[in-house]
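A.B. asks: 3D model of this:
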Amino acid sequence: MKLFDRFITLLLSISIASAKSTSSVIIPPTTSNGPTHIELIASSNMLNTPKITNIHPIMYGQAWTFDAISSKDPSYSILAVFFDSPEYSSTNNTLSVLVYVQAGPDKLYTVASKFAEYAELNTHGNGTSGVWKGTGCSFSASDDMSTVTIDFTDPFEITGSVVLNAVAPPHYPCSPAEIGASMEFLPHFGWDNALPDAKTTVDLKVNGTEVKFEDGIGYQDLSWADISYEDALESYSWGHGKLGPYSIVWFVGEGSDGTQKASGYVSKDGELLSTPCSGVTVETEAAEPNSTIGPIQSFTVEIPFENQVIVARLIVNNILINAGNLVHGTGIISGGVKDGRIEYSGSAAFEHLTSA
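C.D. replies: Residues are numbered from 1 along each chain as shown. Below is the predicted model:
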């Protein structure tokens, strides 16, 4: 009987160890000419592990993107991108961090890190933590990915933290986040969304200015490709927002080969309702020439769920990036269930790339 008990104890120990398995990946700061491996079918529940290895100089690589917007005033926001990409850094220094902080109307700070010596990503359970060595920039996650914290310290010019507490389940382009699901948004381009919505606390100091809010609407995704970004995405419109109990995400794009994809996401009070790749529409309304809000005045988005449709209109208020054909900003989103009695409003972020 004692031998049997020991056997059961051993099995339990193995099960617990497997459930809380730990892995570590060191990403070098340079490109490679070795064979590239890209993951486009989910093999685990670890959404933030690296999805591409041996990145060549002509490839996009991968990027971990975080953002947060104040739910009371979208002119307070942060966008942080952890790059492993020769396109956004250089072939000899692929690892860098770029952060935009908006501290009210007309107060935008942009800070680029020094190049990292290497990146170390440690995964425990389903949560992945990353350190871009030597930059002062890192993120850490709980085992179940319920909490993610971004930290900025010296020598980075921004100091402080952003804490994201998940309030909506993760997903892939056309499905819940399940093993075996496709992560391919367009040919050669992968995308997963670990945090579609998160209650976020921001406590930062930049250039002597404190930026604090505890009512943030947070978000995090990972994108990757084994071709150039330009070849992967000819044009796209992406955004996320909060409408009362509803959390929504949209990503509509076209590849350089003409392939089109429209992905949507709807959850309510933390329950996943829909991850459709049909019936999702995004319409844009152009702004007046020389507008201070960039080229787009508003977006109208429709996402179907459970024989119903979420209809939302995002009015652009603030621009963080307006470079060439790319614009990224925040604004007020309003809407709800089509033909429903209640209309909600909240804050949202968007990014839009038009074809050259």
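A.B. asks: need the strands for the stretch 251-356 of the chain, in chain order.
C.D. replies: Under the criterion DSSP state E, counting those that start in this stretch, the stretch 251-356 of the chain contains strands at 260-268, 271-274, 281-286, 296-305, 308-323, 326-337, 344-353.
A.B. asks: Next up, the contacts around the spatially most central residue of the chain.
C.D. replies: Per Cα atoms, centre = their mean, the C-alpha nearest to the average position across the chain is that of D221, at 2.4 Å. Taking Cβ atoms under 8 Å, 6 or more residues apart in numbering, we find D221 in contact with W64, T65, W191, D192, N193, A194, L195. Heads up, the C-betas are built off the backbone N, CA and C, glycines and all.
A.B. asks: that older thread, how about a markdown table for the strands of the stretch 251-356 of the chain, with mean neighbour count added?
C.D. replies: Shown next, in a markdown table, are the strands of the stretch 251-356 of the chain (neighbours: other Cβ atoms under 10 Å):
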| stretch | mean neighbour count |
| --- | --- |
| strand 260-268 | 22 |
| strand 271-274 | 17 |
| strand 281-286 | 14 |
| strand 296-305 | 20 |
| strand 308-323 | 19 |
| strand 326-337 | 21 |
| strand 344-353 | 22 |
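A.B. asks: Dump the ones you listed to JSON lines, plus mean pLDDT.
C.D. replies: Output for the strands of the stretch 251-356 of the chain, formatted as JSON lines (pLDDT from 0 to 100):
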{"stretch": "strand 260-268", "mean pLDDT": "98"}
{"stretch": "strand 271-274", "mean pLDDT": "98"}
{"stretch": "strand 281-286", "mean pLDDT": "96"}
{"stretch": "strand 296-305", "mean pLDDT": "98"}
{"stretch": "strand 308-323", "mean pLDDT": "97"}
{"stretch": "strand 326-337", "mean pLDDT": "98"}
{"stretch": "strand 344-353", "mean pLDDT": "98"}
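A.B. asks: Save the ones you listed as a markdown table, and put in distance to K199 too.
C.D. replies: As requested, the strands of the stretch 251-356 of the chain are exported to a markdown table (distance: least, Cβ to Cβ, whole Å):
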| stretch | distance to K199 |
| --- | --- |
| strand 260-268 | 14 |
| strand 271-274 | 16 |
| strand 281-286 | 26 |
| strand 296-305 | 22 |
| strand 308-323 | 20 |
| strand 326-337 | 17 |
| strand 344-353 | 13 |
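A.B. asks: Now for S43: which residues touch it?
C.D. replies: I179.
A.B. asks: Please identify the helix or strand for the residue nearest to the centre of the chain.
C.D. replies: Taking DSSP states H and E as the criterion, D221 maps to strand 209-225.
A.B. asks: How much space separates the nearest residue to L233 once chain neighbours are set aside from F185?
C.D. replies: Using Cβ to Cβ, 6 or more residues apart in numbering and skipping residues adjacent in sequence, the residue nearest L233 is G253, 5.5 Å away. Note on G253: its distance to F185, by Cβ to Cβ, to the nearest Å, is 7 Å.
A.B. asks: and the two? which has more neighbours close in?
C.D. replies: Set side by side, G253 and F185 show more neighbours around F185, with 26 against 22, by other Cβ atoms under 10 Å.
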